[in-house]
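A.B. asks: Fold the following for me, if possible:
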Amino acid sequence: MFNTQHILYMVISAIISAGLLVFFALRVKEEKTKIQILKIFAIVTVIIHYSDLWYGFFANGGEETISSTHILPVYPCNVMMWLLLVASLIKNKNSLAFRVIAEFCSFGGIVCGFIGILLNANFDANPTLADYYVLKGMLSHSTMLFGCIYLIVGKFIKIRVFNALSITLGLATFVVCGLLVNGLYSLFGMESPDGMFLNSNPYFPVSPILLGLVAILFLFGVLALYERRLPLEERWYYILKKKFKK
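C.D. replies: Numbering: from 1, shown residues only. Model prediction:
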């Protein structure tokens, strides 16, 4: 990990992504076009994720092994990929469902995307981009990361304290997916892949649930400070106070 190929990939990916984000932010103003851009990156992410099946099928004489991540939401990035696609396809971008999914993708997807590129397990096991299975994993994380950032750049969401609620619901979804994946493996007498890293965390030596709770509290504090720049009537406590009075 962090060999020349890895560093070059991260630098080139960052430059291309930043350039496109700036270009779209300056030139794309129509909501319809913004939605199309979001859809393109969400769909491309899914296509790249599954492209190794097609590649392997033809490269291996018509045979290819299906991995757990092709059929199950084993890891956080798998869930993020599908949530990004769902968000892009929701017609009513003002709906509560879109707001919750998009807000979680914006924050959680950015974290997952960065970790998936910076600490990619497949690249760590086989540190070369000449292996398509490794390359496609890096590319799909890059397109997913772009889509999640574009939710903010394209102004699909508003940065506010209530984002923390969406993230809480999203992290709860992670836990449910992890329990279901591990439960399915146990049910069929298979060794669990440790879905969502519920049993062990390869990045931080603490419980992922505890880490998630700490992250939510930290984010709440940061967003509360951010809202101090907004007019009083747009701050979270004023909105809640107004709702309770009703």
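A.B. asks: what comes up buried for the helix or strand of the chain with the lowest mean pLDDT?
C.D. replies: Here the helix or strand of the chain ranked lowest by mean pLDDT, DSSP states H and E is helix 236-245, holding a mean of 84. By neighbour count on 16 or more other Cβ atoms under 10 Å, the buried set for helix 236-245 is residue 236. Glycine gets a C-beta too; all of them are placed from N, C-alpha and C.
A.B. asks: Just give me how far it sits from the chain centre.
C.D. replies: Its chain's C-alpha centre and that of helix 236-245 lie 31 Å apart, by Cα atoms, centre = their mean, to the nearest Å.
A.B. asks: can you check stretch 91-99 too?
C.D. replies: That offset, for stretch 91-99, works out to 18 Å (Cα atoms, centre = their mean).
A.B. asks: Stretch 230-242 too?
C.D. replies: 29 Å.
A.B. asks: For that stretch, measure first residue to last.
C.D. replies: By Cα to Cα, to the nearest Å, the extent of stretch 230-242 from end to end equals 16 Å.
A.B. asks: Show me what it is in contact with.
C.D. replies: Residues outside stretch 230-242 that contact it (Cβ atoms under 8 Å, 6 or more residues apart in numbering): 160-162, 224, 227-228.
A.B. asks: Please determine how far residue 125 is located from residue 88.
C.D. replies: Separation of residue 125 from residue 88 (Cβ to Cβ, to the nearest Å): 31 Å.
A.B. asks: Between the two, which has more neighbouring residues?
C.D. replies: Remark: of residue 125 and residue 88, residue 88 carries more neighbours, 26 against 10, as counted by other Cβ atoms under 10 Å.
A.B. asks: and the one helix or strand the more buried one maps to, which residues are buried?
C.D. replies: Using DSSP states H and E, residue 88 sits in helix 76-89. Residues 76-81, 83-85, 87-88 are the ones in helix 76-89 that count as buried (16+ other Cβ under 10 Å).
A.B. asks: So for the spatially most central residue of the chain, what's the nearest residue that isn't a sequence neighbour?
C.D. replies: Centre of the chain computed as the mean C-alpha position; nearest residue by Cα atoms, centre = their mean is residue 109, 2.4 Å away. Among residues not flanking residue 109 along the chain, residue 148 sits closest, at 3.1 Å (Cβ to Cβ, 6 or more residues apart in numbering).
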